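Colleague: Can you look at this prediction? I've put the sequence above it.
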Amino acid sequence: MNIEVKRWIEKEGVKFLREIGINNEQSILDFGCGVGHYTIPASITVGNNGRVYALDKNRGALEKLKEIARQYNIKNIELINKKTKIPIEDNKIDIVLCYDIIHYEEKKQRKAIYKEIYRVLKKQGLFSVYPKHHKDDYPLDKLAIVGLDDIIKEIEESGFVLEYKLLKKLLHDEYLNEGYVLNFRRS
């Protein structure tokens, strides 16, 4: 783990997550968690009485996350190896993090994911999205024609309401960069 990632996990990530609205004792779903760059700070932020569900389709990434959690003696994370269907009961989650992941999926798949996220979120729950690689932020492949307004519109069509967008310094892969975080509320 490089020094930037370590600093993010232990300090900057916790500060960032508090700024977007995560508090002690909440339930968090980190959708597409990878090796846990947001899962670990979220678990620290919610404390021992909170819960973080780390969902990813990549079992290898989840194994790395499990090892990092063990190194930090973190016990409030539940690993979930799935792609779309979220094995969590309705209206259980306070906040869903979806960072640099969802817009790689095809539109039909994204709609199914939004529906699942809506289902597991509590009423007025927070859906926090970091849509990296759109046309205004290091565009890649099919995302090169998609702007923030397009992303906002698509998510709002799934029943979420944009609360605010923040330009923040946050971790992308293994380095810090500046990007927009979009926070939506479940209606």
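Modeller: That came through, no problem. Numbering: from 1, shown residues only.

Colleague: Sketch out the low-pLDDT regions of the protein for me.
Modeller: Within the chain, the stretches with pLDDT under 70 are 132-146.

Colleague: Try it again at 80.
Modeller: Within the chain, the segments meeting pLDDT under 80 span 1, 83-84, 102-107, 132-147.

Colleague: Break down it into its strands, ranges please.
Modeller: 27-31, 51-56, 77-81, 93-99, 121-130, 160-172, 175-186 (DSSP state E).

Colleague: now for those strands, which one comes closest to Leu148?
Modeller: Closest of the strands of the chain to Leu148 is strand 175-186, at 6.0 Å (criterion: Cβ to Cβ). To be clear about C-beta, it is placed using only N, CA and C from the backbone, and glycine gets the same treatment.

Colleague: and Glu106, what are its phi and psi?
Modeller: phi -70, psi 160 (degrees, to the nearest 10).

Colleague: Grab the most central residue of this structure for me.
Modeller: Nearest to the geometric centre of the chain sits Leu97, at 2.3 Å (Cα atoms, centre = their mean).

Colleague: Now tabulate the strands of the chain in a markdown table and tack on distance to Thr45.
Modeller: Formatted as a markdown table, the strands of the chain follow (distance: least, Cβ to Cβ, whole Å):
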| stretch | distance to Thr45 |
| --- | --- |
| strand 27-31 | 8 |
| strand 51-56 | 9 |
| strand 77-81 | 12 |
| strand 93-99 | 10 |
| strand 121-130 | 13 |
| strand 160-172 | 14 |
| strand 175-186 | 15 |
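
Colleague: which one of those strands is the most hemmed in?
Modeller: When you average the neighbours per residue for each of those (mean count of other Cβ atoms under 10 Å), strand 27-31 leads with a mean of 26.
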